[in-house]
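1. Got a predicted structure here, sequence first:
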Amino acid sequence: MPKSQAAKELAAKQKAEAKAAKERRKNSDNPRDWGTWKQLVETYKMTRTTDPAVLWWSLGGFLVPLIVFVVIGLFVKPWWIYLIVGIFAGAAGAMWLFSRRARRSMYARFKGQPGSAEVALSQLDKKTWSATPVIAVNRHQDVIHRALGPGGLVLVAEGSGNGVRQLLASEKHRHEQVAFGVPVITFVMGEGKDQVPLEQLSTKIRKLPKTLNAAQIAEIKSRLRALDAMRPRLPMPKGPMPTSSKGARSAMRGR
């Protein structure tokens with residue numbers, strides 16, 4: 001049955017929209033629009049600015065397992081199976097080393113900048129954790145970030161002096177009032193005594209004992225939305241805020 005004129009026009013419109021969307025993604029500066037290959041290329045470029053040896057480490061991660069399995073294949077038949085295994089093992093080794101170097105490079109790039117804890121919180125698994133950056137700030141530009149997940153309700157402070165601890169204590173009290181018995185865990189990010197360095201923050205949070213299930217997390221989320229709705233609009237700290245890319249996050253999780 002021949003298509004009606006309306007159906008033809010609709011098909012042409014959909015085709016044009018798809019083509020326009022593809023062109024927009026191709027020229028977009030937003031990492032969310034990039035494909036996997038472009039994400040990896042951009043992550044490599046960013047990593048190389050602070051870690052010029054990342055290429056050689058990645059090549060080494062590929063070649064060492066490959067050579068090991070090729071040598072085994074010289075003595076154990078069939079040799080081609082070990083070659084294939086070596087290629088896959090080498091690819092996994094290269095990606096693992098690349099992700100570690102990329103993560104270290106990113107932390108080095110953002111360390112010391114206001115709001116840099118957001119970079120660490122972006123490394124949490126978004127299927128189980130939700131992070132809210134800069135929920136509170138004082139006149140000294142000390143800030144508080146929040147994360148909620150299986151490990152509990154976490155507040156992360158960054159700043160120096162007594163001001164940041166006073167701000168953290170105030171926010172902890174506010175959150176305890178709406179959490180109803182759920183412990184509020186606090187960290188102060190920094191390099192001093194009893195502080196957590198930026199590069200260790202996400203690991204610390206991930207290793208927290210699981211104390212909340214999905215239903216509890218959903219209930220606490222609704223209470224936190226009510227708490228946030230009562231806050232005045234916060235002035236953002238001055239200075240560069242970290243802008244992590246989706247590609248960097250994917251690579252650093254060992255994609």
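-> Looks like it came in fine.

2. Can you report how many residues lie near the closest residue in space to residue 97 that isn't next to it in sequence?
-> Leaving aside its sequence neighbours, residue 97 sits nearest to residue 61 (Cβ to Cβ, 6 or more residues apart in numbering; 3.8 Å). For every residue, glycine as well, the C-beta is placed using N, CA and C. Neighbour count of residue 61, defined by other Cβ atoms under 10 Å: 22.

3. Next, count neighbours for residue 71.
-> Residue 71 has 12 nearby residues by other Cβ under 10 Å.

4. So the residue nearest to residue 97 sits against residue 93, correct?
-> Yes: taking Cβ atoms under 8 Å as the definition, residue 61 is a contact partner of residue 93 at 3.9 Å.

5. Who is residue 154 paired with across the strands?
-> Residues in a beta bridge with residue 154, per DSSP bridges, are residue 147, residue 185.

6. Now for it: which residues touch it?
-> The contact partners of residue 154, by Cβ atoms under 8 Å, 6 or more residues apart in numbering, come to 146-148, 184-187, 205, 208.

7. which of those count as buried?
-> Using 16 or more other Cβ atoms under 10 Å as the burial test, these include 146-148, 184-187, 205 as buried.

8. Show residues contacting stretch 63-77.
-> With contact meaning Cβ under 8 Å, 6+ apart, stretch 63-77 is reached by 79-83, 85-87, 89-90, 92-93.

9. and these, which of them are in helices?
-> Using DSSP state H, the subset of the contacts of stretch 63-77 located in helices is 79-83, 85-87, 89-90, 92-93.
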